[in-house]
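# Structural data only, the sequence is not supplied:
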């Protein structure tokens, strides 16, 4: 005899994550950690005690954000954070000011690399 499974409701997976600490990857590349307090049918999320985690090289910094509403269309992926592994392995935590400065330097370096690549396209190095 074949068992019929009821189709799961779209919000059922998110309902299981309520009141848990989540790591959320956004479309623009930012990583937000916080406790999921609410969501709606569009997967808009309400996070309490949210922080933005910025990682540059082997360093990271946490920027406190407080209560955040994240539009569902901006979420790329999310998952529960294991409290035992909340701090990234092999990375050193630095201050908010230092990580912002490192992030700015990294962006400038990437911009310079892109400029150099675009100027060297005529060489066809591949």
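It's in. Note that the coordinates shown come from a computational prediction; the quantities given were computed from them, not determined experimentally. Residues are numbered from 1 along each chain as shown.
# gap between the longest helix anywhere in the chain and the chain center?
Taking DSSP state H as the criterion, the chain has its longest helix at helix 96-119. Helix 96-119 has its C-alpha centroid displaced from the chain centroid by 19 Å (Cα atoms, centre = their mean, to the nearest Å).
# What of stretch 31-41?
12 Å.
# and that stretch, which residues are buried?
Judged by neighbour count using 16 or more other Cβ atoms under 10 Å, the buried positions of stretch 31-41 are 32, 33, 34, 35, 36, 39. (Glycine included, C-beta is placed from N, CA and C.)
# and which of these is nearest to residue 84?
residue 33 (14.8 Å; Cβ to Cβ).
# What residues sit buried inside stretch 62-69?
Of the residues in stretch 62-69, those buried (16+ other Cβ under 10 Å) are 62, 68.
# what residue ranges in the chain score low on pLDDT?
For the chain, the stretches with pLDDT under 70 are 1-11, 122-126.
# How are the helices of it distributed by residue range?
Along the chain, counting by DSSP H, helices occupy 12-15, 96-119.
# The most centrally placed residue in the chain pairs with what?
Residue closest to the mean C-alpha point of the chain, counted by Cα atoms, centre = their mean, is residue 31 at 2.0 Å. For residue 31, the beta-bridge partners under DSSP bridges are residue 25, residue 53.
# My guess is it contacts residue 50. True?
No - counting by Cβ atoms under 8 Å, residue 31 stays clear of residue 50, with 10.8 Å between them.
# May I see the buried residues of stretch 72-87?
Buried positions in stretch 72-87, judged by neighbour count with 16+ other Cβ under 10 Å: 74, 75, 78.
# what's it in contact with?
Residues outside stretch 72-87 that contact it (Cβ atoms under 8 Å, 6 or more residues apart in numbering): 17, 20-28, 33, 39-40, 42-45, 93.
# Using TSV, lay out the buried residues of stretch 31-41 together with distance to residue 61.
Shown next, in TSV, are these (distance: Cβ to Cβ, whole Å):
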residue	distance to residue 61
32	14
33	12
34	16
35	20
36	23
39	27
